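>>> below is the sequence, then the predicted model.
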Amino acid sequence: MSTDLSMARIADWRYKINSETLLKLLFLLAALALMLIGLALPLYTMLLKSLQNSSGEFIGLVNYQYYFSTPALVNSILNSFFIAVLTTLLVVVLAFLCAYGITRTCMPGKKLFRTLTLLPILAPSLLPAISLVYIFGTQGYMKSLLGDTSIYGPVGIVIGMCFWIFPHALMILITALSNSDARLYEAARAMKTSTFRTFMTVTLPGVRYGLMSCSFVVFTLAITDFGVPKVIGGQFSLLATDIYKQVVGQQNFQMGAVVSVILLLPAVFTFIADRWVQRKQTSQLSSRAVPYQPEPSPLRDWLFAGLCYTVAAVILLIIGTAVYASLIHFWPYNLSFTLNHYSFDGLGGTAGSPGLTR
């Protein structure tokens, strides 16, 4: 009797294993199928199209040779890398300072500031570009602050991208700084190490992988964004807008595919580098780490509070301008309030578009 019961249990156990294995296999196959349909096939089609002529005939690297032999098109690559590198430097430095203020100081209003910095994530990249037109454009209410500099071009692109990308960088760096081990700072204080030396030998090495990961993310978002340069880029050509011009403007799908492949390469490189950095960052974490608790320092706390509040004020200014502009009749000639722009019956024509004079 006991033998039969044992055999029944073994059979039931094997049945459960087989069922779980089969279910996992089905989910794996479904995921692979979705990846093939949603990722591999479009990439294959794009690569194949870049190697064909307008008749669909295979011509090899002729399209790439034409692209790199055209100075105006090659200039887009240089412009894209310039904008991406400059945006990365500005965003990473500013986000690091704000993240340091949140995690390493006792400045007031931390929760409010973190909430405000999440607002740009909820907005498309078109929003800061449109707001900057209202603020610094031809009819902008702060146009005089730029002097003779035009907002249409690299200046506007960098400002718009910094606004849109800043929250992503801030969240990464807050996480990196929060994982620091307080015991290292206690040891530094016990050895009477100066604040600057502690920052250089303890803080920066502890967040180096977070800084690298943040830089890769910001660079990828900056070099691939289309919304900001399309609205406020003017005649400053970038790879992302070149794709639009080639495909929509000239119906040149082959050259559009070439630009897409070129734009894909830095994104793939940064993705691979970011995966490597994340593995390194995970391997350095210790379960015995003690969370760092900052001590009050009035001067330091209010300095970082002033910086963070200034960033929050800029975020509110850009978002507030977009909201305000959506509620007026026609900028800047008729500033009376209306809700007509929220009537989407005429979407696609002129009825649902708020007035804007550049």
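Looks like it came in fine.
>>> show me what the helix or strand that Val158 is a member of is packed against.
Taking DSSP states H and E as the definition, one finds Val158 inside helix 154-178. On a contact count with 3 or more C-beta pairs under 8 Å, 6 or more residues apart in numbering; DSSP states H and E, helix 154-178 meets helix 71-104, helix 110-117, helix 126-136, helix 208-224, helix 227-232, helix 298-325. C-betas here are computed from N, CA, C, even on glycine.
>>> now those in CSV, with mean neighbour count and mean pLDDT?
Converted to CSV, the helices and strands packed on helix 154-178 look like this (neighbours: other C-beta atoms under 10 Å; pLDDT from 0 to 100):
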stretch, mean neighbour count, mean pLDDT
helix 71-104, 19, 91
helix 110-117, 16, 90
helix 126-136, 24, 91
helix 208-224, 22, 88
helix 227-232, 24, 90
helix 298-325, 16, 92
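>>> nearest to Pro266, out of those helices?
Closest to Pro266 of those, according to C-beta to C-beta: helix 208-224, at 5.7 Å.
>>> now the angle from that closest one to helix 71-104?
Per axes from the mean of the first three to the mean of the last three C-alpha atoms, to 10 degrees, the angle that helix 208-224 makes with helix 71-104 is 140 degrees.
>>> what angle separates helix 208-224 from helix 154-178?
Using the same axes, to 10 degrees: helix 208-224 against helix 154-178 is 150 degrees.
>>> name the residues that touch helix 208-224?
Around helix 208-224, the neighbours that count as contacts under C-beta atoms under 8 Å, 6 or more residues apart in numbering are 80-81, 83-85, 87-88, 91-92, 95-96, 161, 164-165, 168-169, 172-173, 175-177, 179, 204, 239-240, 263, 266-267, 270-271, 273-274, 277-278, 280-281, 284.
>>> ChimeraX command to pick out the buried ones of those residues?
Selection of the buried residues among the contacts of helix 208-224 in ChimeraX, burial being defined by 16 or more other C-beta atoms under 10 Å:
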select :80,81,83,84,87,88,91,92,95,96,161,164,165,168,169,172,173,175,176,177,179,239,240,263,266,270,273,274,277,281
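>>> and His329, what does it touch?
Contacts of His329 by C-beta under 8 Å, 6+ apart are Leu335, Ser336, Phe337, Thr338, Asn340, Gly355.
>>> assumed it was part of a helix.
No - applying DSSP: H, G, I helix; E, B strand; the rest coil, one finds His329 to be strand, outside a helix.
>>> show me how far stretch 122-141 is from its chain's centre.
Between the centre of stretch 122-141 and the centre of its chain there are 18 Å (C-alpha atoms, centre = their mean, to the nearest Å).
>>> let the chain start at 712 from now.
In the new numbering, first residue 712, that becomes stretch 833-852.
>>> could you dump it to CSV, C-alpha only?
What follows is stretch 833-852, C-alpha atoms only, in CSV (Å, rounded to 0.1, in the frame of the first residue of the first chain):
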residue,chain,number,x,y,z
LEU,A,833,5.0,62.7,-18.1
ALA,A,834,5.5,65.1,-21.0
PRO,A,835,6.6,64.4,-24.6
SER,A,836,9.9,65.9,-25.8
LEU,A,837,7.8,68.2,-28.0
LEU,A,838,6.5,70.1,-24.9
PRO,A,839,9.8,71.8,-23.8
ALA,A,840,10.5,72.8,-27.4
ILE,A,841,7.1,74.4,-27.9
SER,A,842,7.4,76.2,-24.5
LEU,A,843,10.8,77.6,-25.4
VAL,A,844,9.3,79.1,-28.6
TYR,A,845,6.8,80.9,-26.4
ILE,A,846,9.5,82.0,-23.9
PHE,A,847,12.5,82.8,-26.2
GLY,A,848,11.0,82.8,-29.7
THR,A,849,10.4,85.8,-31.9
GLN,A,850,7.4,86.8,-29.8
GLY,A,851,8.7,85.3,-26.6
TYR,A,852,8.2,87.1,-23.3
